[in-house]
Every structure is written in C-alpha cells, then in structure tokens.
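A.B. asks: The sequence isn't on hand, but the structure is:
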DNA sequence: TCCTCTACATTGTTTTACTATGTACCAGTA
DNA sequence: TACTGGTACATAGTAAAACAATGTAGAGGA
C-alpha cells in the first residue's frame, strides 16, 4: 500500500522495535520485511535512521558480524530499556486505535 | 493520555476531518472535543494549524458567523473533496491497524 | 572486468505537531 | 469603570520523524 508515509510517522519506531523483539536482526533484513509486510514505500535510508535513533536512545544492543553473502551486518537486539519502551508504545497504540475505532463508528 | 504526540502525527488530520464530517463545527469546539476524547496534550494552536492546512488543501467549506458568547466563529464543513480524502484516510488507517494487530500478535 | 545484490550510512528537505505568544470579543462583578 | 475569565482565531519559531538522494563497500557470477 502506498501513501502511508504520514500515518506511519510515530508508528514506525514501534514497528521496528517489535520486529527486533521477535529476534536479533539487521537493517537490510528489516527493510525487506517491512516492504513484504505491505509498507511498499519504505526505503533503506528511513530504516537506518530509525535504527540509529533507537540505538542513540539506548534501546538496543548492537553487534557487528560477518555475513556469508556481503558486507558486515549490524545485528540488533532489544535490551531491557527497549522492552520497556516497546510496552509503552503498545499502550499508546492501543489507546489511539481504540479511540479511532470509536470515532469511526459513531 | 499523555505522550501521544508522535503517534498522532498523521492521524490528527483524519481525526479532525472525521469530526467535522459529523456536522459543522469550529476550531475551539474541536480542541475541547479532542481533549475530552482523551488527547490531553492537544493545544489550540495545533488544531488551528491543522484546520488551516485542510482549508488550504481545499477539503473544507468555511463560513464565519457570530457567536452569542464571544468572538466570531469560523464554521467548517466537509466538501466533496474532503469526503473523498476522509475515505482514503480510513482505508490507510485500516490497513495500518490491521498490520499492527498482526505484528503484535505473532 | 563489470554488474548485481547485499549492507550500512549521511546530508538535506518536507511534513507535522508543539510552544509561545498575540489579538479580540463578551459577560460578570467589584 | 476596571478587571477577570471564558471564548475564539491566528502566527512565528522549533523539534521530531520520515523521505530522497547519494555514497561507500564487500561478495559472487557472467
């Protein structure tokens, strides 16, 4: 789906965190995962800026390791702060989603 | 609920449009409606910028009328373009919400 | 050698919402 | 009359988030 750009603002961070929470991963994989999910417009640059931001906030642990098929990968995992942040994100999301449903239906 | 700022980016426009779609209204009323809905952080300035943006996009019809209790009010209504835009918005929102649920649950 | 896919990164721009502030009208009251 | 509080709109400046464009570089295959 296209044109989700503006709506995605604010959610993308949570989406990326949630995916990392499913298991260690790296930027390039995340990008393609998001595109496969249906966020066609997502480009690599966007994902990397999100990752660097999350890293800067201290929500991720990072480890560089070699890949068999290309340059080194930067593997990310959630740390405790990341888990907490993710939980908070879902609380906010659930609130918003509930309000949106309410708005839409009445 | 507080701290929704970032999540709200992209949704606020749709929320305001949807509310206007329920019937003619004006900025001050919208602001208080949103706060009552639970978006405590919303301030007047934000709502007015959204309204001016929507107006500039040609999605609203505008009419100034006197109020019994204060200065003139600027009443907004959705026009055809606004209706179409709102429908598009909900399509995108539904897509995002569905993906978020999917993400959260697996 | 050249191309493609993999992989990360940065610089600059646009969009969106917030902060702060200002203007102004009206009613009640001291 | 002067002051206060509620109503109502508006704008200038700032911060955050995502995008666009671009660059670097490794590995494998034609």
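C.D. replies: Ah, there it is. Please read these numbers as outputs of a predicted model, since none were measured by experiment. Numbering: from 1, shown residues only, chains lettered A, B, ... in the order given.
A.B. asks: Near chain B, which residues of chain A? Just list them.
C.D. replies: Applying Cβ under 8 Å from any Cβ of the partner chain, we find that chain A lies next to chain B at A:1, A:3-11, A:13, A:15, A:18-19, A:22, A:37-39, A:88, A:90, A:92-93, A:95-97, A:99-100, A:103-104. C-beta coordinates here come from the backbone N, C-alpha and C atoms, glycine included.
A.B. asks: List buried residues within those.
C.D. replies: The neighbour count (16 or more other Cβ atoms under 10 Å in any protein chain shown) marks A:4, A:7-8, A:10-11, A:13, A:15, A:18-19, A:39, A:90, A:92-93, A:96-97, A:99-100, A:103 as buried among the residues of chain A next to chain B.
A.B. asks: taking those residues one by one, which sit in helices?
C.D. replies: With DSSP state H as the criterion, helices contain A:7-8, A:13, A:15, A:18-19, A:90, A:92-93, A:96-97, A:99-100, A:103 from among those.
A.B. asks: Can you tell me which of these is closest to DNA strand C?
C.D. replies: The shortest gap between DNA strand C and any of those belongs to residue A:7, at 9.1 Å (Cβ to the nearest atom of the strand).
A.B. asks: related to what we said a few turns ago, filter the buried ones among the residues of chain A next to chain B down to the ones close to DNA strand D.
C.D. replies: When Cβ under 7 Å from any atom of the strand is applied, the members of those adjacent to DNA strand D are A:4, A:8, A:10-11, A:13.
A.B. asks: In a markdown table: those, plus pLDDT.
C.D. replies: Below are those laid out as a markdown table (pLDDT from 0 to 100):
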| residue | pLDDT |
| --- | --- |
| A:4 | 85 |
| A:8 | 89 |
| A:10 | 86 |
| A:11 | 93 |
| A:13 | 93 |
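A.B. asks: who's in contact with the helix or strand of chain A with the lowest mean pLDDT?
C.D. replies: Here the helix or strand of chain A ranked lowest by mean pLDDT, DSSP states H and E is helix A:5-8, holding a mean of 85. Helix A:5-8 is contacted by residues A:39, A:41, B:9-11, B:13, B:92-93, B:96 when judged by Cβ atoms under 8 Å, 6 or more residues apart in numbering or on different chains.
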